[in-house]
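# Build me a model:
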Amino acid sequence: MSIDGVVKALAGAAQRSAPASDHPELSGHFANVIDIGDSMIAVGTDGVGSKHLLAVQPEQFRGIAIDCAAMNANDVICVGATPVALVDYLACESTDGLDPYVAAIADGFEEAERLGAGGLIGGEVAVLPDVIAPRADGVPALDLAATCIGVVEAGVLSGHATRPGDVVLGIRSSGLHSNGFTRMRRLLDDEGVDLDAPAPWGGDGTAREQLLTPTLLYPHLMAVVAGSDVHAAANITGGGIANLGRVLPMHGARIDAWPTPAGVFDWITAHVPAEEAWSEFNMGIGFVLVVEGERVETVMDVVPPTFVTCVIGEVTDAVPPRCVELARGGNTLTFG
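Predicted coordinates for the structure are as follows:
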């Protein structure tokens, strides 16, 4: 069964078992919302994936925890929610030698809270020696995931307000974030890259240090731009640019001003086909806002300088609903 098949099967179960207050307009979105009395609560779940296999020192797991929190909080804010809490799930082969790694993970979650992900209120530690395979490098084997809970106060951001002429704003990523690392690790191995040597794509630090750069958190961005000017938001994660289509239920988007991929992304494009690169990696843009065309400058004026923002395209009916057309160098790729 393909990953799409798995998602569809689980989505069917979700639709059949969802509470009456569920929001069907968020089907396929980054998170969902349930009504609880006079309040709306958003919930999303995600993990770090195989990026944690690059972490070898206890202190590097601090960034892994930030990744975990960010991948969840960045999804929840896409429905217009403010993250308020995280619940983690740490699965490990054994607790032997785990102390310094857990200390770093705890520190990472605290840093993520300061960056807007919500505080860690509890979780689960599961010791699963028959499920979690030992690592050959001697690092304690573990998997880290979490659930983020958010509160929706100003209305659900479903993407149904988008319309042709809306402008697509891209916000730079801090690197690969926490997606595509299964493919990336194979690529590094195929190319004989020494993770502890200077990165072959340039920049400061070793390849390992650069690849372990934590995922950028965007809740503080959404806190200042949220309002009627913003019609949709998308977290650019696994699936790459196609993620934008998830928040365009009625229209499509044409992207024709994506910044030229640099650093590790330029290196990736030199080693894998373009369609694969753009469908697996964020290619330098980690988050996207769809903004009312006449209000773009107003929105960009309030974006904190931490977030490098640029116009990358527009919403259009010339592209089918939920599809994204990428025009680069005279070539066109369509996703969705």
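# Report the central residue of this protein.
T237 (4.0 Å; CA atoms, centre = their mean).
# Apart from its chain neighbours, what residue comes closest to that residue?
N179 (4.8 Å; CB to CB, 6 or more residues apart in numbering). Where C-beta positions appear, they are placed from N, C-alpha and C, glycine not excepted.
# what helices or strands is the helix or strand hosting A232 leaning on?
Element membership for A232, per DSSP states H and E: strand 230-235. On a contact count with 3 or more CB pairs under 8 Å, 6 or more residues apart in numbering; DSSP states H and E, strand 230-235 meets strand 285-291.
# returning to that earlier point: if we look at the strand holding A232, which residues are touching it?
Under the contact criterion CB atoms under 8 Å, 6 or more residues apart in numbering, strand 230-235 has outside partners 30, 74-75, 77-78, 80, 157-159, 161-163, 166, 218, 222, 243-244, 246-248, 286-292, 299.
# For the helix or strand just after it, which strands pair with it and how are they oriented?
Per DSSP H and E, the first helix or strand lying C-terminal to strand 230-235 is strand 252-255. The pairing partners recorded for strand 252-255 under DSSP bridges are strand 309-316 (antiparallel), strand 324-328 (parallel).
# Where do the helices of the stretch 151-300 of the chain begin and end?
181-190, 207-211, 219-225, 264-269, 274-280, 296-302 (DSSP state H, counting those that start in this stretch).
# Locate the residue sitting furthest away from the middle of the chain within the secondary structure: which element?
Of all residues in the chain, D96 has its C-alpha farthest from the mean position, at 31.3 Å, by CA atoms, centre = their mean. Using DSSP H and E, D96 sits within no helix or strand.
# low-confidence ranges in this protein?
Low-confidence segments of the chain, defined by pLDDT under 70: 1-22, 24-29.
# rewinding a little: closest one to L86 among the helices of the stretch 151-300 of the chain?
With CB to CB as the measure, helix 219-225 is the member of those nearest L86 (11.8 Å).
# Now E111: closest residue in space that isn't a chain neighbour?
I66 (5.9 Å).
# returning to what we had before: hmm, which of the contacts of strand 230-235 are the buried ones?
30, 74-75, 77-78, 80, 157-159, 162, 166, 218, 222, 243-244, 246-248, 286-292, 299 (16 or more other CB atoms under 10 Å).
# Quick check: closest non-adjacent residue to T162.
H231 (4.5 Å).
# what number of residues lie near the one you found?
22 (other CB atoms under 10 Å).
# How much space separates the closest residue to E292 other than its chain neighbours from I312?
Nearest residue to E292 in three dimensions, chain neighbours excluded: D229, at 5.1 Å (CB to CB, 6+ apart). From D229 across to I312, the span is 17 Å (CB to CB, to the nearest Å).
# Neighbour count for the two, which is higher?
Neighbours per residue (other CB under 10 Å) separate D229 from I312, with I312 holding more: 22 against 17.
# hang on, the earlier thing: quick one: the residue farthest from the centre of the chain from A55, how far?
18 Å.
# Just give me the neighbour total for the closest residue to M184 other than its chain neighbours.
Counting by CB to CB, 6+ apart, M184 lies nearest to L176, which is 6.6 Å off, once chain neighbours are set aside. Neighbours of L176 under the rule other CB under 10 Å: 24.
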